[in-house]
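J.: pasting the structure only:
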């Protein structure tokens, strides 16, 4: 996230925080884990439990971390 923000000449505050705001990306992680487990069946017993458990953790803490970083960047307005 931060590298892409640098390449795009985004403001420094965005460069520092955009990576943290990408934590809750569960669908992508699970989709990739399923693809890997299909192509490498020997790794299925490790890949799927790891992907599922990290997805659960990131889906719980991800929105909180995203909100905090958006506040720190001055991009969050409470309603």
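T.: Happy to help now that I have it. Everything quoted here is computed from the prediction, not taken from an experiment.
J.: for the rest of this, base every contact and every neighbour count on C-alpha atoms.
T.: Will do.
J.: measure residue 26 to residue 20 for me?
T.: Noted for residue 26: a distance of 14 Å to residue 20, by Cα to Cα, to the nearest Å.
J.: do the same with residue 65
T.: Taken as Cα to Cα, the spacing of residue 65 relative to residue 20 amounts to 7 Å.
J.: mind listing what the residue most central in space within the chain touches?
T.: Compute the mean C-alpha point of the chain, and by Cα atoms, centre = their mean the closest residue is residue 23, 2.4 Å away. Each residue near residue 23 by Cα atoms under 8 Å, 6 or more residues apart in numbering is listed here: 58-59, 62-63, 66.
J.: which among these count as buried?
T.: Burial of the contacts of residue 23 was assessed by neighbour count (16 or more other Cα atoms under 10 Å); the buried members are 58, 62-63, 66.
J.: which of the residues you listed lies at the shortest distance from residue 16?
T.: For the buried ones among the contacts of residue 23, the residue nearest residue 16 by Cα to Cα is residue 66; the value is 12.4 Å.
J.: in the helix or strand containing that closest one, what's buried?
T.: Using DSSP states H and E, residue 66 sits within helix 44-72. In terms of neighbour count (16+ other Cα under 10 Å), helix 44-72 has its buried residues at 44, 47-48, 51, 55, 58, 62-63, 65-70.
J.: make a markdown table out of these and add pLDDT and distance to residue 77.
T.: A markdown table is the format used below for the buried residues of helix 44-72 (pLDDT from 0 to 100; distance: Cα to Cα, whole Å):
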| residue | pLDDT | distance to residue 77 |
| --- | --- | --- |
| 44 | 90 | 43 |
| 47 | 90 | 38 |
| 48 | 90 | 37 |
| 51 | 89 | 33 |
| 55 | 87 | 27 |
| 58 | 84 | 23 |
| 62 | 84 | 18 |
| 63 | 86 | 15 |
| 65 | 87 | 15 |
| 66 | 84 | 13 |
| 67 | 88 | 10 |
| 68 | 89 | 12 |
| 69 | 85 | 12 |
| 70 | 85 | 9 |
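J.: CSV for the residues you listed, including distance to residue 7?
T.: Formatted as CSV, the entries for the buried residues of helix 44-72 read as follows, by distance: Cα to Cα, whole Å:
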residue, distance to residue 7
44, 36
47, 32
48, 33
51, 29
55, 28
58, 26
62, 25
63, 26
65, 24
66, 22
67, 24
68, 24
69, 20
70, 20
